[in-house]
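In: this one's structure only:
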Ligand SMILES: N[C@H](CCC[C@H](N)C(=O)O)C(=O)O
């Protein structure tokens, strides 16, 4: 027995999306890993299921490429929001996640804005293993004592992020080498997504992200939100900025009145297919 999926991406961060609104979808970690495998499976950064919810239009479940279930995924929220609005004709939909409820609305035919809710900024909400000022945490990254790695910011968008501010855009080798060292650092009991931000202007940030459970991706939506919040908290950026990621651009705004973070970006449907159950 097989089931259909839609292959989509948001600014290059790609997903296999399964409609589980009528038929449950509960892959094991191994099955999720196999689907995400780019050599032998369908290939994606995250596997996404759209499931029923009693308090939102749908519940979005997220598996990273390593098979781990995680709280949320910003770029996938745009894709799932787009699919729900396409299928229901609504111009706004609510999507619940393990990281909290969100609202998606269409900005244009293939551009969606998601209200990601409030950033979580207390050390225990990231979470960190000890009490620290999350505007600039003390992190010793193994043998590396590179000043660019000092006092990063820490933010949760429902999932944990640490954001380094650098005077240049790091290359793949640096992102992979340093990101993989930090992803499971003991300071982050639930692991962490590792962002490397270079401030181009108060309203423009270049960002590369080593994602927890997925590695170097072409975009990370919650990472872009975390980078904007971390930068604004330190006066490095305005509260609204374009975040330039490898796969495109996301516009992030940390609304002063509501304390909510709004993320706007593209949605692309790549193809459809069928998963062998
Ligand atoms: N790797 C992330 C999940 C996906 C986040 C990213 N793809 C996004 O668009 O937010 C984590 O483990 O929290």
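Out: Great, that's in hand. Because the structure is predicted, anything quoted here is derived from the model rather than measured.

In: strands of the stretch 101-250 of the chain, start to end?
Out: Taking DSSP state E, counting those that start in this stretch, the strands of the stretch 101-250 of the chain run over residues 102-108, 111-115, 153-156, 160-165, 193-201, 204-211, 215-217, 240-245, 248-254.

In: strand partners of the fifth one, parallel vs antiparallel please.
Out: It refers to strand 193-201. strand 160-165 (parallel), strand 204-211 (antiparallel) (DSSP bridges).

In: out of those strands, flag the one nearest the ligand.
Out: Closest of the strands paired with strand 193-201 to the ligand is strand 204-211, at 3.7 Å (criterion: C-beta to the nearest ligand atom). All C-beta atoms are positioned from the backbone trio N, CA, C, and that covers glycine.

In: okay, the strands paired with strand 193-201 in CSV with mean pLDDT next?
Out: Formatted as CSV, these follow (pLDDT from 0 to 100):
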stretch, mean pLDDT
strand 160-165, 97
strand 204-211, 98
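
In: if we can go back for a sec, now, of the strands of the stretch 101-250 of the chain, which is deepest in the fold?
Out: strand 153-156 (a mean of 28; mean count of other C-beta atoms under 10 Å).

In: do that strand and the ligand meet?
Out: No. Strand 153-156 stays clear of the ligand (C-beta under 6 Å from any ligand atom), getting no nearer than 9.4 Å.

In: so how far is that strand from its chain's centroid?
Out: 13 Å (C-alpha atoms, centre = their mean, to the nearest Å).

In: got it, and stretch 236-256?
Out: Mean C-alpha position of stretch 236-256 versus that of the full chain (C-alpha atoms, centre = their mean) differs by 14 Å.

In: what of stretch 130-143?
Out: Counting by C-alpha atoms, centre = their mean, stretch 130-143 comes out at 21 Å from the chain centroid.

In: picking that back up, just put the strands paired with strand 193-201 in CSV and tack on distance to residue 131.
Out: Output for the strands paired with strand 193-201, formatted as CSV (distance: least, C-beta to C-beta, whole Å):
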stretch, distance to residue 131
strand 160-165, 16
strand 204-211, 25
